[in-house]
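**Q** Need a 3D model of the following:
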Amino acid sequence: MPIFAAARTMELFSGLSQAGLPALFLACFLAATVFPFSSEALLAAMALGPWSTMALLATATAGNTLGGLGNYAIGRWLPQGRLMRWLRVDPRKGERWKDQVQRFGAWAALFCWLPVLGDPLALALGLFRVRFWPVLALMFIGKAARYAVVLAALRGWPGA
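**A** Below you'll find the model as predicted:
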């Protein structure tokens with residue numbers, strides 16, 4: 001059964017990669033939200049195609065950054081107490097997140113690409129009102145670096 005599941009997954013990525021850069025943008029956007037999705041797997045499949053390395057890097061980074069900013073916006077615009085209750089966050093855990101965000105500030109946005117931690121981190125940056133422009137710039141840099149490493153591993157750097 002696992003072999004069948006792997007074959008179906010590869011079929012899905014093959015189909016998405018045929019849809020081109022708009023599909024990559026959408027997949028990377030969704031991967032930065034609460035939807036569990038591997039944007040790196042689709043990027044790897046597309047790296048085997050005709051697209052330039054820079055087009056792949058720009059598309060993936062833009063989509064993933066905008067998805068991460070969606071999490072930031074949710075944290076920013078929803079009242080702090082309501083969001084904490086809605087997410088059922090233990091008050092002590094919430095205070096630890098707040099301390100960490102205040103300690104590192106916008107620099108924490110460099111790590112919004114991390115699996116599992118990246119989405120809550122972006123949410124916390126918005127929730128605790130870290131300034132938007134530095135968060136945007138650092139989130140973009142972190143996500144671009146992650147995709148650049150993936151592309152460099154697959155194509156070498158710089159690639160065509």
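**Q** Okay, now the unreliable bits of this protein?
**A** 1-18, 81, 83-84, 87, 157-160 (pLDDT under 70).
**Q** where does residue 115 fall, helix, sheet strand or coil?
**A** Under the three-state scheme (DSSP: H, G, I helix; E, B strand; the rest coil), residue 115 adopts coil.
**Q** Pull the number of nearby residues for it.
**A** In terms of burial, residue 115 registers 10 neighbours under the definition other CB atoms under 10 Å. Yep, even glycine has a C-beta here, placed from its N, CA and C like the rest.
**Q** and what of residue 95?
**A** The tally of other residues near residue 95 (other CB under 10 Å) stands at 11.
**Q** mind listing what residue 109 touches?
**A** The contact partners of residue 109, by CB atoms under 8 Å, 6 or more residues apart in numbering, come to 121, 122, 125, 130, 134, 135, 136, 138, 139, 142.
**Q** ok, now with 7 Å
**A** The neighbours of residue 109, taking CB atoms under 7 Å, 6 or more residues apart in numbering as the test, are 125, 135, 138, 139, 142.
**Q** tell me which element the fourth one falls in.
**A** Here residue 139 is covered by helix 132-155, with elements defined by DSSP states H and E.
**Q** on contacts alone, who are the packing partners of that helix?
**A** Counting contacts by 3 or more CB pairs under 7 Å, 6 or more residues apart in numbering; DSSP states H and E, helix 132-155 packs against helix 39-47, helix 53-77.
**Q** For residue 41, see how far away the residue positioned nearest the centre of the chain is.
**A** Residue closest to the mean C-alpha point of the chain, counted by CA atoms, centre = their mean, is residue 32 at 3.5 Å. Taking CB to CB, to the nearest Å as the measure, residue 32 and residue 41 are separated by 15 Å.
**Q** Not counting residues beside it along the chain, what's closest to residue 135?
**A** residue 109 (4.6 Å; CB to CB, 6 or more residues apart in numbering).
**Q** how close does the closest residue to residue 122 other than its chain neighbours sit to residue 52?
**A** Residue nearest to residue 122 in three dimensions, not counting chain neighbours: residue 71, with 3.8 Å by CB to CB, 6+ apart. When CB to CB is the yardstick, residue 71 and residue 52 sit 29 Å from each other.
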